[in-house]
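Visitor: sequence first, predicted model second:
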Amino acid sequence: MSASHEPLKAKPFELFALEIQAFLGLHRTASLATVDGLGVPHAANIQYAHEDHGTLWWVSSPQSQHSQNLAANPQAAITVYAPNQVPEAIHGVQCRGRLATVLAPGDSQYAAALKHYLATFAFAGHPPFEAALAKQSLYCFKPSWLRWIDNRRGFGWNVEKTLA
């Protein structure tokens, strides 16, 4: 085993939970991977608001390709990374999980979820975004698996955890 991978056994995932939460709070764009009914993959960039344990919320049109894919198959993968040009600086979160909630305007929980989203993206509550937002749904992704990758600790360094 290379020296860069030794911390994997020495440090459990939980030691990095706060670092992961801070990272997800700092970055706001993720790549969402879905598949359609024929198994054809699709990737889309989304702006997210996050909660504990990698739960992510985003706003999207129910007619978008990724929303249609999630309606047919709620399984998805998401990656959030810190943009850079240096391989030794690559770090980010990879997740697999499922769409947990879809809330449309008028749903009883929509206002509370929207308030959480607007706490992250205040601009979305003002014109011209406010009118567009009123026609969109809120989507909630809950990860079942997370991997924290951090080449700053050594090339290929990572920790991962299967979540309940």
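Guide: Here it is on my side, so go on.
Visitor: now the helices: where do they sit in this protein?
Guide: Ranges of helices in the chain, per DSSP state H, are 7-10, 17-26, 65-72, 110-120, 129-133.
Visitor: to Gly37, which of those helices lies closest?
Guide: With distances scored as CB to CB, the stretch of these nearest to Gly37 is helix 65-72 (5.0 Å). Quick note: C-beta positions are derived from backbone N, CA and C, even for glycine.
Visitor: low-confidence ranges, this structure, go.
Guide: Residue ranges of the chain with pLDDT under 70: 1-11.
Visitor: name the stretch among the helices of the chain that sits most buried.
Guide: Using mean count of other CB atoms under 10 Å, the stretch among the helices of the chain with the largest mean neighbour count is helix 65-72, at a mean of 18.
Visitor: that helix packs against which elements?
Guide: Of the remaining helices and strands, those touching helix 65-72 by 3 or more CB pairs under 8 Å, 6 or more residues apart in numbering; DSSP states H and E are strand 29-35, strand 41-50, strand 91-103, strand 137-150.
Visitor: related to what we said a few turns ago, could you export the helices of the chain to TSV, including columns for distance to Leu163?
Guide: Listed next are the helices of the chain as TSV, based on distance: least, CB to CB, whole Å:
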stretch	distance to Leu163
helix 7-10	18
helix 17-26	11
helix 65-72	19
helix 110-120	20
helix 129-133	30
